[in-house]
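*Asks:* structure, please.
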Amino acid sequence: MNRRKSSWFVVGIILVTILGGFFVYPNVPFMGWLGNKMPWRLGLDLVGGAHLVYRIDTSKIPSADLSSTLSGLRDVIEKRVNLFGVSEPQVTISQTGSDYYLVVELAGVKDVSQAIGNIGQTPYLDFRTVVQNASGTPEFLPTKLTGQYLQSAQMEFDQQTGMPYVLLSFNGDGSKIFEDLTAQNVNKEIATFIDGNLMQIATVQEKISGGQARITSPNFTQQQVRSLVQQFNAGALPAPITLESQQAVGASLGADSLKKSIAAGVIATLIIMLFMVAYYRFFGVLASVALVVYIVLSLTIFKVFVTMSLAGIAGFLLSIGMAVDANILIFERTKEEMKRGLSRTAAIKEGFRRAWSSIRDSNISTMLTTLILFFFTTSFIKGLALTLFLGVVVSMFTAITVTRSLLVVFVRDKESDPVRP
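*Replies:* Prediction:
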């Protein structure tokens with residue numbers, strides 16, 4: 001990149017950094033509209049809320065369908081709490097021995113009972129075949145067709161009786177399962193259950209294609225059907241859940257920790273910048289500018305894409321110290337090349353070239369570590385892993401691109417130039 005292109009790039013980066021600074025700083029007057037549209041999303045440990053743990057009943061789920069069922073359950077709960085105005089819910093699945101649990105963290109929710117009601121109102125729908133046992137009483141056998149495959153529900157009225165009923169529409173997989181189920185049970189009975197309660201028993205007259213089924217009951221009122229339709233459309237649970245524990249989490253400890261974390265981050269950044277300036281002089285000044293760009297760009301990405309927690313803040317603070325590692329490698333390589341007699345610009349170019357392999361390998365190893373932490377640990381560690389991963393990616397950009405452009409623009413090959421590494 002020549003000096004002219006580098007100059008325009010530096011100007012663009014500075015403008016983006018200034019705008020990003022206004023964007024990430026809360027309560028800037030002329031950024032009010034955007035600030036209201038995109039406020040910082042803070043986790044449960046910072047703003048308080050509700051912490052709920054549900055036991056998942058997997059006893060009737062085939063082992064082959066367990067993974068998809070748990071994933072579907074998590075998606076349904078996220079959709080459910082979002083519909084009730086709870087943004088950014090943290091919904092995770094945990095396992096203890098052979099037991100599975102659904103952990104729901106609702107940041108900002110003060111009424112725990114309301115949160116429990118919002119989640120608990122979601123019905124569990126399943127279809128079962130009916131067989132007569134030895135004593136002549138009906139026995140209900142579970143099938144693969146559950147609310148996991150439900151696409152939509154709507155209220156309809158029987159043209160002859162005028163009674164309301166629920167019309168269910170299944171997705172592609174559900175339609176196939178429903179078609180196979182009815183084909184295998186022609187002239188036999190299939191029962192519909194909601195939350196373990198028998199709703200109806202219907203005799204299959206023929207194979208039913210198209211993926212639609214009715215739920216009827218002589219006791220249905222319009223209000224009951226309307227409520228069921230709303231709940232089904234919010235997401236029918238693919239597996240039953242039972243509340244195991246509930247906890248209201250206060251934000252006082254989180255708020256205090258947040259203030260201390262911000263103070264620690266500011267102090268650490270200033271110390272790093274002072275060290276770089278004292279040791280590398282003008283090179284250190286440019287590295288400090290690149291560090292400021294890194295911090296602002298990282299915070300902008302975090303505000304848009306990440307729900308910040310204390311663990312996430314810790315990961316970001318850790319990445320600040322790591323952000324100057326690449327600059328140190330480059331500057332030390334540049335000093336070695338200048339000792340060999342190369343000019344400043346030639347030494348900088350060679351320093352970048354020779355330092356790149358070390359920078360690449362060290363950052364890739366860190367990124368691989370964060371990916372392992374993100375995919376194989378709990379939600380608390382995931383916050384640290386995510387911000388550290390994003391921080392490393394941004395630091396590679398600022399160290400290689402921003403610092404290099406600054407050096408190209410401001411470093412000359414003149415003897416009178418006071419710039420010395």
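
*Asks:* centroid-nearest residue for the protein?
*Replies:* Val306 (7.1 Å; C-alpha atoms, centre = their mean).

*Asks:* quick one: buried residues of the helix ranked longest in the chain?
*Replies:* Ordering each helix of the chain by length in residues (DSSP state H) puts helix 344-376 first. Under the neighbour-count criterion of 16 or more other C-beta atoms under 10 Å, helix 344-376 has 344, 347-352, 354-355, 359, 362-363, 366-367, 370, 373-374 buried. C-beta here means a position set from N, CA and C on the backbone, and glycine is covered the same way.

*Asks:* do stretch 151-168 as well
*Replies:* Those would be Ala153, Met155, Met163, Pro164, Tyr165, Val166, Leu167, Leu168, for stretch 151-168 by 16+ other C-beta under 10 Å.

*Asks:* just for the stretch 101-250 of the chain, where's the confidence low?
*Replies:* Residues of the stretch 101-250 of the chain that meet the criterion pLDDT under 70 lie in 110-111, 114-115, 118, 120-123, 230-236, 250.

*Asks:* re the thing from before, correct me, but the residue nearest to the centre of the chain touches Gly312?
*Replies:* Yes - counting by C-beta atoms under 8 Å, Gly312 is a contact partner of Val306 at 6.4 Å.

*Asks:* next, show the common contact partners of the two.
*Replies:* Common neighbours of Val306 and Gly312, using C-beta atoms under 8 Å, 6 or more residues apart in numbering, are Leu386, Thr387.

*Asks:* quick check, Ser261 in a helix?
*Replies:* Yes - counting by DSSP: H, G, I helix; E, B strand; the rest coil, Ser261 is part of a helix.

*Asks:* gap between it and Ser309?
*Replies:* Counting by C-beta to C-beta, to the nearest Å, the gap from Ser261 to Ser309 is 11 Å.

*Asks:* again, but for Gln205
*Replies:* In this view, Gln205 and Ser309 are 55 Å apart by C-beta to C-beta.

*Asks:* contacting residues around Phe157?
*Replies:* Counting by C-beta under 8 Å, 6+ apart, Phe157 makes contact with Met163, Pro164, Tyr165.

*Asks:* packing partners of the host helix or strand of Trp8?
*Replies:* If you go by DSSP states H and E, Trp8 is part of helix 3-24. Using 3 or more C-beta pairs under 8 Å, 6 or more residues apart in numbering; DSSP states H and E as the contact test, the elements touching helix 3-24 are helix 282-305, helix 403-410.

*Asks:* following the longest one, which helix or strand comes up?
*Replies:* When you say that, I think you mean helix 282-305. Note on helix 282-305: by DSSP H and E, the next helix or strand toward the C-terminus is helix 310-323.

*Asks:* hey, what's the angle from that next one to helix 282-305? Just curious.
*Replies:* Counting by axes from the mean of the first three to the mean of the last three C-alpha atoms, to 10 degrees, helix 310-323 points 150 degrees away from the direction of helix 282-305.

*Asks:* hmm, who's touching helix 310-323?
*Replies:* Residues outside helix 310-323 that contact it (C-beta under 8 Å, 6+ apart): 43, 45-46, 254, 257-258, 261, 264-265, 268-269, 272, 291, 294-295, 298-299, 302, 306, 366, 380-388, 391-392, 394-395, 398-399.

*Asks:* list the buried residues in it.
*Replies:* For helix 310-323, the neighbour count (16+ other C-beta under 10 Å) marks Leu310, Ala311, Gly312, Ile313, Ala314, Gly315, Phe316, Leu317, Leu318, Ser319, Ile320, Ala323 as buried.

*Asks:* and Glu350, how close does it get to Asp45?
*Replies:* Here Glu350 is placed at a distance of 47 Å from Asp45 (C-beta to C-beta).

*Asks:* ok, back up a step: give me the angle between the helix holding Trp8 and helix 282-305.
*Replies:* Using the same axes, to 10 degrees: helix 3-24 against helix 282-305 is 50 degrees.

*Asks:* report the rounded mean pLDDT for helix 3-24.
*Replies:* Mean pLDDT, helix 3-24: 88.

*Asks:* equivalent analysis for stretch 52-61, please.
*Replies:* 86.

*Asks:* can you give me the helices for the protein?
*Replies:* So, for the chain - with DSSP H - the helices run 3-24, 32-37, 44-47, 66-83, 112-120, 172-184, 222-234, 252-280, 282-305, 310-323, 325-339, 344-376, 379-397, 403-410.

*Asks:* export these to a markdown table and tack on distance to Pro240?
*Replies:* Formatted as a markdown table, the helices of the chain follow (distance: least, C-beta to C-beta, whole Å):
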| stretch | distance to Pro240 |
| --- | --- |
| helix 3-24 | 43 |
| helix 32-37 | 39 |
| helix 44-47 | 25 |
| helix 66-83 | 10 |
| helix 112-120 | 11 |
| helix 172-184 | 18 |
| helix 222-234 | 15 |
| helix 252-280 | 33 |
| helix 282-305 | 34 |
| helix 310-323 | 32 |
| helix 325-339 | 51 |
| helix 344-376 | 27 |
| helix 379-397 | 23 |
| helix 403-410 | 56 |
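
*Asks:* Ala213: which of the ones you listed is closest?
*Replies:* helix 172-184 (6.4 Å; C-beta to C-beta).

*Asks:* for the closest one, packing partners?
*Replies:* Checking 3+ C-beta pairs under 8 Å, 6+ apart, helix 172-184 ends up next to strand 125-132, strand 138-146.

*Asks:* change it to 10 Å
*Replies:* Secondary-structure packing of helix 172-184 (3 or more C-beta pairs under 10 Å, 6 or more residues apart in numbering; DSSP states H and E): strand 125-132, strand 138-146, strand 150-157, strand 164-170, strand 189-194, strand 212-215.

*Asks:* can you lay out the ones you listed as CSV showing distance to Ala248?
*Replies:* Formatted as CSV, these follow (distance: least, C-beta to C-beta, whole Å):
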stretch, distance to Ala248
strand 125-132, 31
strand 138-146, 32
strand 150-157, 32
strand 164-170, 35
strand 189-194, 30
strand 212-215, 36
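
*Asks:* list only buried entries from the contacts of helix 310-323.
*Replies:* 43, 45-46, 254, 258, 261, 265, 269, 272, 291, 294-295, 298-299, 302, 306, 366, 382-388, 391-392, 394-395, 398-399.
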